[in-house]
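# the sequence and its predicted three-dimensional model are supplied below.
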Amino acid sequence: IDTSGKKEDTTLGSYISRFGEFQQLPSGSPVPYLRTWYFSDDIPELVDDFSPPEHFHASDAFHKLPEDLQPPFRWLFFGPSGTQSSLHVD
């Protein structure tokens with residue numbers, strides 16, 4: 001997880017169990033979020049459950065390569081309400 005640029009290793013279960021703690025942070029405090037998790041490396045069976053919308057692939061030249069040559073651009077960003085990253089604010 002990431003809090004203000006500091007990386008902390010944790011398990012997914014432990015991170016999710018802390019959502020209540022994160023909700024108690026003062027307003028405006030950074031809420032830790034899970035970022036760039038290459039879930040297909042850790043839990044390969046999730047790959048079959050993950051289908052990004054087609055518009056993400058429409059201009060993706062890597063997607064046109066044979067599968068064994070495609071870079072591993074399959075990751076997740078998520079967090080509880082109030083999570084912020086430079087990509088998104090919930």
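Structure received.
# okay, now the unreliable bits of this protein?
Confidence mapping of the chain against pLDDT under 70 gives the ranges 1-5, 56-58, 85-90.
# do you know how far the residue lying farthest from the centre of it is from residue 74?
The C-alpha centroid of the chain is most remote from residue 66, which lies 24.9 Å away (C-alpha atoms, centre = their mean). Using C-beta to C-beta, to the nearest Å, we find residue 66 at a distance of 16 Å from residue 74. Where you see a C-beta, it was placed from the backbone N, CA and C, and this is true even at glycine.
# any idea how far the residue nearest the centre of the chain lies from residue 32?
Nearest to the geometric centre of the chain sits residue 77, at 1.9 Å (C-alpha atoms, centre = their mean). Residue 77 sits 12 Å away from residue 32, going by C-beta to C-beta.
# same question for residue 47.
For residue 47, the distance to residue 32 under the criterion C-beta to C-beta works out to 25 Å.
# can you give me the helices for the chain?
Along the chain, counting by DSSP state H, helices occupy 12-17, 19-23, 39-42.
# give me the helices and strands touching the longest one, please.
Looking back up the chat, that one is helix 12-17. Applying 3 or more C-beta pairs under 8 Å, 6 or more residues apart in numbering; DSSP states H and E, one finds that helix 12-17 makes contact with no other helix or strand.
# pull the CA atoms of it into PDB?
What follows is helix 12-17 as a C-alpha-only set of coordinates in PDB (Å, rounded to 0.1, in the frame of the first residue of the first chain):
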ATOM      1  CA  LEU A  12      -4.700  -8.100   1.000                       C
ATOM      2  CA  GLY A  13      -6.700  -9.400   3.900                       C
ATOM      3  CA  SER A  14      -4.800  -7.200   6.400                       C
ATOM      4  CA  TYR A  15      -5.200  -4.200   4.200                       C
ATOM      5  CA  ILE A  16      -8.900  -4.700   3.800                       C
ATOM      6  CA  SER A  17      -9.300  -5.300   7.500                       C
END
